[in-house]
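Visitor: Predicted model and sequence follow; I will ask about them next.
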Amino acid sequence: MIVIALTASIVVFDGWKLMRSQQDIPNFGQFSTGGMAWQSQMSQELVRNITMLGAIIVMIAAPWFLAERSGTATHWVLIFDVLLGIHGCWLVLPKRYAITKDALWVDGFSVDWNRLWWTGYSGGSSITLQRKGWWRLAPLPLGGSEEDLAAAALRIDAIMVGEWNTLTELLDEEE
């Protein structure tokens, strides 16, 4: 029951944060301050979260092999599987992202830049940053179109090397 309660709490909290992101990021496009916001599509989120979806599939299947041995009632395993299925649905829903000089908004959370590091972007279907102090155990992927990701990578580069003001000047000149 403790595992079910913890899993349900995570699923409800993640769902709430995803709904809340619509209020936190109400508009898309470039900001006057140089930042930007964009929204991904379901197919892009599928690519972004494919490894997490694979882990969820394993977590859905594994308890069935252990339930009889551990004496776990079938209804608890079913409830656990339903909760994980809902969480899997949250993973593939379109997400809102935003970049500002101070923070990155992803999955309904704001993450300060000083808590992240990255090795660059060479094109493709996602950008992956790493959380400092977690080695490779906590990747933070961003989804979206290649155009959105290229624009985001430009801003992330500027933030990481301390050239945000130069970037905003260049972006103002382009307009």
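Guide: That came in fine, so what should we check first?

Visitor: Angles on the backbone of the residue nearest the centre of the chain, please.
Guide: Nearest residue to the geometric centre of the chain (CA atoms, centre = their mean): Asp107, 4.3 Å. Per-residue torsions, Asp107: phi 50, psi 30 (degrees, to the nearest 10).

Visitor: Check Trp135 too.
Guide: phi 50, psi -130.

Visitor: Just give the number of residues close to Gln171.
Guide: Small correction: residue 171 is Leu, not Gln. When neighbours are defined as other CB atoms under 10 Å, Leu171 has 20 of them. Every C-beta, even on glycine, is put in place using the N, C-alpha and C of the backbone.

Visitor: Report the secondary structure state of it.
Guide: Of the three states, Leu171 takes helix under DSSP: H, G, I helix; E, B strand; the rest coil.

Visitor: wait, what's in contact with the closest residue to Ile86 other than its chain neighbours?
Guide: Leaving aside its chain neighbours, Ile86 sits nearest to Val11 (5.3 Å; criterion: CB to CB, 6 or more residues apart in numbering). By CB atoms under 8 Å, 6 or more residues apart in numbering, Val11 lies in contact with Leu83, Ile86, His87, Trp90.

Visitor: Mind pulling up the pLDDT for Val11?
Guide: At Val11, the pLDDT value in this model is 95.

Visitor: before we move on, what about the one 4 residues further on?
Guide: What the model reports as pLDDT for Gly15 is 93.

Visitor: My guess is it contacts Leu93. True?
Guide: No. Using CB atoms under 8 Å, Gly15 makes no contact with Leu93, being 9.3 Å away.

Visitor: neighbour count winner among the two?
Guide: Just comparing Gly15 and Leu93: by other CB under 10 Å the higher neighbour count belongs to Gly15, 16 against 12.

Visitor: Nothing else from me, thank you.
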